[in-house]
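J.: need a 3D model of the following:
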Amino acid sequence: MARPYWSGQIQISLVSFGVKLFVATEAKSEIRFHQISRTSGERVRHQKVAASAVEDNPSEAAAALDKNEIVKGYEYRKGEYVTIEPKELEQLRIPSKHSIEVSQFVNLDELEPEYLEKPYFIVPEDDVQAEAFAVVRSALKKTKKAALGKIAFGGREHVFAITADDDDKLGGMMGYTMRYQEELRDPAEYFKDIKKVAVNEDSLELAMELIKRKAAKFDPGKFKDQYEAAVRELVEAKVKHAPIPKDEVEAPRRGQVINLMDALRKSVGGDAAAESSSGKKKPSTSVKATASKEEKGISLVKSAKTSKRRSA
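T.: Predicted coordinates:
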């Protein structure tokens with residue numbers, strides 16, 4: 001097993017037990033780019049040099065500094081710094097460096113997605129801690145709650161949410177670092193200019209029916225990074241001096257629009273036909289069929305294929 005990212009205690013009132021945290025994500029992309037000189041083809045490297053060396057000899061390459069010569073500095077006044085040694089940061093008096101003190105419990109549905117940052121696996125530190133770990137995990141799952149506390153690592157203190165993992169056979173817990181309120185921009189700044197429109201009931205029913213027909217259980221394995229695959233295809237073509245693959249799909253033309261009701265009706269009808277051909281039972285719908293085709297509302301851009309077909 002990999003080394004834990006953090007080890008310490010979870011403390012709930014007078015109950016505490018040791019845990020280990022492991023980062024739950026990893027970078028899978030194998031595509032890595034380097035900076036290359038366009039003229040010489042050589043790799044460009046970045047060196048850490050003193051600012052004075054560059055200012056005094058702008059036309060000459062300054063000597064790179066040894067990593068032991070570099071220390072963190074905080075600019076407390078323009079051009080003036082106070083240096084901070086690594087050991088001084090390690091000795092900061094922050095209780096959450098060693099212990100997650102749970103301050104409250106919240107309903108799982110209160111953990112809004114925009115606040116969740118990075119996931120971690122939480123396991124008991126050893127077999128001695130397993131009983132308390134299991135009891136707290138079961139209690140969180142049965143009450144459908146998340147425990148909130150604070151944890152310090154990576155150069156800052158985070159709000160930390162602890163939940164029970166869904167798989168009872170594995171018996172683990174999940175932790176999530178969370179963003180602070182002040183880190184999120186005010187949505188009103190971006191949403192304030194959205195035009196307020198009345199929602200047509202027939203359009204709404206059609207949209208709900210479309211959602212119903214496309215609803216399925218979330219399967220994360222179905223989603224793949226197509227950008228990475230396309231970059232790999234580009235790289236292989238260049239290495240083999242083959243034709244460069246290009247995107248042949250035309251962007252939709254802005255000026256061509258169709259009625260929202262028509263678009264929804266055709267979308268629902270298309271899904272129904274697909275389900276019928278695959279042997280699935282066609283869902284019933286109560287949407288009125290007498291809605292006027294001339295009814296105006298929000299319009300949708302035609303696809304490039306539709307445009308070509310009609311113009312032909």
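
J.: please enumerate the helices of the stretch 1-150 of the chain.
T.: Residue ranges of the helices in the stretch 1-150 of the chain, as given by DSSP state H, counting those that start in this stretch, are 51-56, 86-90, 130-143.

J.: out of those, which comes closest to residue 196?
T.: Residue 196 lies closest to helix 130-143 among the helices of the stretch 1-150 of the chain, at 39.6 Å (CB to CB). Where C-beta positions appear, they are placed from N, C-alpha and C, glycine not excepted.

J.: returning to that earlier point: tell me which of the helices of the stretch 1-150 of the chain sits most buried.
T.: helix 130-143 (a mean of 15; mean count of other CB atoms under 10 Å).

J.: related to what we said a few turns ago, closest to residue 117 out of the helices of the stretch 1-150 of the chain?
T.: helix 130-143 (19.7 Å).

J.: report all helices and strands that the closest one contacts.
T.: For helix 130-143, the contact count by 3 or more CB pairs under 8 Å, 6 or more residues apart in numbering; DSSP states H and E identifies strand 15-23, strand 116-124, strand 145-153, strand 156-164, strand 173-178 as packing neighbours.

J.: shaky segments in the stretch 201-312 of the chain?
T.: Under the criterion pLDDT under 70, the flagged ranges of the stretch 201-312 of the chain are 249-258, 271-312.

J.: wait, residue 178 sits on residue 158?
T.: Yes - shown here, residue 178 and residue 158 form a contact pair, counting by CB atoms under 8 Å, at 6.7 Å.

J.: shared neighbours of those two, anything?
T.: Common neighbours of residue 178 and residue 158, using CB atoms under 8 Å, 6 or more residues apart in numbering, are residue 117.

J.: excluding chain neighbours, what is closest to the residue nearest to the spatial centre of the chain?
T.: For the chain, residue 117 is the residue whose C-alpha lies nearest the centre (CA atoms, centre = their mean; 7.4 Å). Using CB to CB, 6 or more residues apart in numbering and skipping the chain neighbours, the partner closest in space to residue 117 is residue 177 (4.5 Å).

J.: one more: residue 105?
T.: Nearest residue to residue 105, sequence neighbours excluded (CB to CB, 6+ apart): residue 145, at 4.4 Å.

J.: ok, now which ones touch the one you found?
T.: 105-108, 139.

J.: so how far is residue 124 from it?
T.: The gap separating residue 145 from residue 124 is 20 Å, by CB to CB, to the nearest Å.

J.: tell me where this protein has strands.
T.: Using DSSP state E, the strands of the chain run over residues 6-12, 15-23, 72-77, 80-84, 99-101, 104-107, 116-124, 145-153, 156-164, 173-178, 257-259, 299-301.

J.: quick one, domains of the protein?
T.: According to automatic domain parsing, the chain comprises the domains 6-25+91-183, 201-215+224-311.

J.: any chance of these in a markdown table, plus distance to residue 36?
T.: Output for the domains of the chain, formatted as a markdown table (distance: least, CB to CB, whole Å):
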| stretch | distance to residue 36 |
| --- | --- |
| domain 6-25+91-183 | 30 |
| domain 201-215+224-311 | 13 |
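
J.: which one of these lies closest to residue 37?
T.: domain 201-215+224-311 (17.2 Å).
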